[in-house]
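[1] Just to be clear, the model below is a prediction. Sequence and coordinates:
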Amino acid sequence: MRHVFVETNWLHDYAAPAHHKVPEAVRLLERAQQGEFIVHIPNVSFAEARQSIQSKCQPVDGPGIHRYIRWAQRSGELDEAQTTEAHRLADKYVQSINRELSAVPSILEGLASLPSVKMFALDDAMLDLGESTSVNKGRAETLRSCHSGGHIISFFQALEPGGARDLVR
């Protein structure tokens, strides 16, 4: 069996609202579900992805869009019907993103429960290795360093015969 190691960035790309979603991330999971390989994800990445998506994918530009629409109407660039439709579309944008953001926890839970996805905890050896390679970096940066591809090979060697040889690159 082949193995693919992913982390927070992939989870973010997969579980983000539709207009932030990366098609290659979706395709990777489809390939795993077809039995091509098993996807391994550190458990800490799920919390990091949830936080990242919730902070980076907010529809913060919604109020600005409405301000622009009001300005455009006052300036004569939009008539009443265009203004109404533009406000409707801006509201739909904000509501759609908020709905998708509220679904992120269940998307991540569903992902973790798939047979083609294996979640694992970072052990002390991995954390120590990460800390030794990321002196003077913050904890989040240390966690990212310790579960980067080069440091995780020992994890794959422990998986089964063939271990690291079966790692999909």
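    Received it, and whenever you're ready, just let me know what you need. Note that this is a predicted model, so its numbers are computed, not measured.

[2] going forward, measure contacts between C-alpha atoms and count neighbours the same way
    Will do.

[3] Could you list the low-confidence segments of this structure?
    Applying pLDDT under 70 to the chain picks out residues 123-169.

[4] State which helix of it is the longest.
    Counting residues, the longest helix found in the chain (DSSP state H) is helix 80-112.

[5] Buried residues of it, list them for me.
    For helix 80-112, the buried set under the neighbour-count rule, 16 or more other CA atoms under 10 Å, comprises 83, 86-87, 90, 94, 97-98, 101, 104, 107-108, 111-112.

[6] Please identify the one among the residues you listed that lies nearest to Q33.
    The nearest member of the buried residues of helix 80-112 to Q33, counting by CA to CA, is L111 at 10.7 Å.

[7] Which residue, other than its chain neighbours, is closest to the closest one?
    Distance criterion CA to CA, 6 or more residues apart in numbering; nearest residue to L111, sequence neighbours excluded, is V117 at 7.0 Å.

[8] how much space between that neighbour and L11?
    As judged by CA to CA, to the nearest Å, V117 and L11 stand 12 Å apart.

[9] With neighbour numbers in mind, choose between those two.
    Between V117 and L11, L11 has the larger neighbour count (other CA atoms under 10 Å), namely 24 against 19.

[10] List the buried residues of the helix or strand harbouring the more buried one.
    Taking DSSP states H and E as the definition, one finds L11 inside helix 8-15. Using 16+ other CA under 10 Å as the test for burial, helix 8-15 gives T8, W10, L11, H12, D13, Y14, A15.

[11] want to throw the residues you listed into CSV with distance to L78?
    Putting the buried residues of helix 8-15 into CSV (distance: CA to CA, whole Å) gives the following:
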residue, distance to L78
T8, 43
W10, 41
L11, 41
H12, 37
D13, 36
Y14, 37
A15, 36
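
[12] F37: which of those is nearest?
    The shortest approach to F37 among the buried residues of helix 8-15 belongs to W10, at 15.7 Å (CA to CA).

[13] Using the record's domain definitions, break the chain down for me.
    Listed by automatic domain parsing, the domain ranges of the chain are 3-121, 122-169.

[14] Ends of the longest one, what's the gap?
    I take that to be domain 3-121. Start-to-end, domain 3-121 (CA to CA) is 16 Å.
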